[in-house]
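K.L.:
Predicted model, plus sequence, below.
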Amino acid sequence: MSKIVRVGVTFPPELLKDFDEIINTMGYESRSKAIQDSVRLFVSERKWLKEEEANQTGVILMVYDHEVRNIESGLTEAQHHHSDLISSTMHIHIGEKDCLEVIAVKGKGSEIRHLSDELATRKGVKILKATIVNV
């Protein structure tokens, strides 16, 4: 049997409230189990990163707050820097402050990972999800 490790996690109150509502609706018996499943999903979705030299294709979906200072110019600069990977982009205004950007990508896994990480870590990016497959 594997050893269990206890960790502490901090959440913005509204995120925790939303998380609790969702897991209660789903029928989770504990917050810990739901967090474990969430982390497991995050890890499994990112395992494509291990195949860094393989040609891969997919989409990067990103939601960001366009009112954050320099966010749009920073995101555009990052995409121009990786223009050899990007097949297409789509930009959608989804609210007063939020924009959705979908970026179709194709190239080496390591290069897609670099672009994905560069975008995800920018201040103002709320959600980034990459769905990548080997071709």
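P.N.:
Here it is on my side, so go on.

K.L.:
for the least confident helix or strand in the chain by mean pLDDT, packing partners?
P.N.:
Ranked by mean pLDDT, DSSP states H and E, the weakest helix or strand in the chain is helix 31-46, scoring a mean of 84. Contact analysis of helix 31-46 by 3 or more C-beta pairs under 8 Å, 6 or more residues apart in numbering; DSSP states H and E lists helix 13-26, strand 125-134 as its packing neighbours. (Each C-beta comes from the backbone N, C-alpha and C, glycine too.)

K.L.:
Give me the packing partners of the next helix or strand after that helix, helices and strands only.
P.N.:
The helix or strand immediately downstream of helix 31-46 is strand 55-65, counting by DSSP states H and E. Here strand 55-65 touches helix 71-81, strand 98-108, helix 109-120, strand 125-134, going by 3+ C-beta pairs under 8 Å, 6+ apart.

K.L.:
So which of these is nearest S87?
P.N.:
strand 98-108 (4.3 Å; C-beta to C-beta).
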